[in-house]
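Enquirer: need the 3D shape of this:
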Amino acid sequence: MRARMSCRVSLVAETVGRFAQSALALGEGEVCATYRRSLYLRFPGNRYACVGERALGCGPLNALVADLPAAPALGERLRVSAAGARLWRPPAIAALGAPALDALRQAARGRAPQEGLACLLAHENNALSIHAQPALEALDRWLVGNALELEAEPLIGLGPGLTPSGDDYLGGMLIALRLCGRESQAQSLWRWLEPRLAARTSAISAAHLAAAAEGEGHEALHECLRKLYGSERSWEELLDALGAVGHCSGWDGLAGAHAVLRLA
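Expert: Now for the predicted structure:
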């Protein structure tokens, strides 16, 4: 049996999301994924925290630190204190009037990544969106009042990455439903989605979806949603920040939110 690795490093978080705060309160976490500017810690009960430098940005699972330890090994155990950290929560957005979806479509043209589902924002298609079309159409039918059909299931876990494009799209839908005051529909989608996650996607992606079910995603996505309802910030600035979220996770989340808002 492999020996349990000792806790070599203790870190202090400056800013935490509330899902990260809850996980970190459990004590040591096991390093289960590492990246250039972040790492994931796994805690008992399938709790996760994404520990990263400030440039990672705020999010429900994120714990931001001043300095990330160099190349921790998978399986190493770390402790991150959030005792004095600022708690980040998504900003309140007054979803009044019609969202500026035409402006978003114009801004997305030529900027959306070729991979993932962001092409849908500009009313375009790629190989992934064509493959996902039956699932996307099933979700559109559900959004306007029909039963959620089995055709939607293949979107779960669809695409490459730690949080696949299909999952990020569904997360964006959950966040936008909450934004629009459609809590009962968000809860219905989550009740359908949650029991299917273990068989179709990663535990880390499932943790991000659990946060989205409560209306929380990366701050860059929330700022784009705020822009749709009148923020003065430029689309260029906001989409640059969105593009820094995962491989194309930020864009995929915005595509899912767009699917809800265009049918609201």
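Enquirer: only C-alpha atoms for contact and neighbour calcs from this point on.
Expert: Will do.
Enquirer: can you pull up the most central residue in this structure?
Expert: What sits nearest the mean C-alpha location of the chain, by C-alpha atoms, centre = their mean, is Gly217, with 4.8 Å.
Enquirer: just checking, it touches Asn62?
Expert: No - counting by C-alpha atoms under 8 Å, Gly217 stays clear of Asn62, with 10.1 Å between them.
Enquirer: returning to what we had before: residue contacts, the closest residue to the residue nearest to the centre of the chain other than its chain neighbours?
Expert: Counting by C-alpha to C-alpha, 6 or more residues apart in numbering, Gly59 is the residue found nearest to Gly217 once chain neighbours are left out, at 5.8 Å. Counting by C-alpha atoms under 8 Å, 6 or more residues apart in numbering, Gly59 touches 16-17, 88-90, 216-219.
Enquirer: let's go with 6 Å and repeat that
Expert: 17, 217-219 (C-alpha atoms under 6 Å, 6 or more residues apart in numbering).
Enquirer: most neighbours, which of the residues you listed?
Expert: The most neighbours of any of those, using other C-alpha atoms under 10 Å, belong to Gly217, which has 28 neighbours.
Enquirer: reformat the contacts of Gly59 as a markdown table; add distance to Arg262 and secondary structure.
Expert: Compiled in a markdown table, the contacts of Gly59 are given as follows (distance: C-alpha to C-alpha, whole Å; DSSP: H, G, I helix; E, B strand; the rest coil):
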| residue | distance to Arg262 | secondary structure |
| --- | --- | --- |
| Gly17 | 29 | strand |
| Gly217 | 20 | coil |
| His218 | 21 | coil |
| Glu219 | 21 | helix |
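Enquirer: for these, which one is nearest Ala73?
Expert: Ranked by distance to Ala73 (C-alpha to C-alpha), the contacts of Gly59 are led by Gly17 at 24.3 Å.
Enquirer: quick one: the closest one and Pro90 touch, right?
Expert: No - in this structure, Gly17 is not within contact of Pro90 by C-alpha atoms under 6 Å, at 9.0 Å.
Enquirer: could you look up the SS state of Leu64?
Expert: Put simply, Leu64 is strand when judged by DSSP: H, G, I helix; E, B strand; the rest coil.
Enquirer: can you give me every residue that contacts it?
Expert: Neighbour list for Leu64: 13-15, 51-54 [criterion: C-alpha under 6 Å, 6+ apart].
Enquirer: inside strands: which ones of those residues?
Expert: With strands taken from DSSP state E, the overlap with the contacts of Leu64 comprises 13-15, 51-53.
Enquirer: now the residues you listed as TSV including pLDDT?
Expert: Formatted as TSV, those follow (pLDDT from 0 to 100):
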residue	pLDDT
Ala13	98
Glu14	98
Thr15	98
Val51	97
Gly52	96
Glu53	95
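Enquirer: which of the contacts of Leu64 count as buried?
Expert: Using 16 or more other C-alpha atoms under 10 Å as the burial test, the contacts of Leu64 include 13-15, 51-54 as buried.
Enquirer: between those, which is nearest Cys248?
Expert: Checking the buried ones among the contacts of Leu64 against Cys248 with C-alpha to C-alpha, the nearest one is Gly52 at 17.9 Å.
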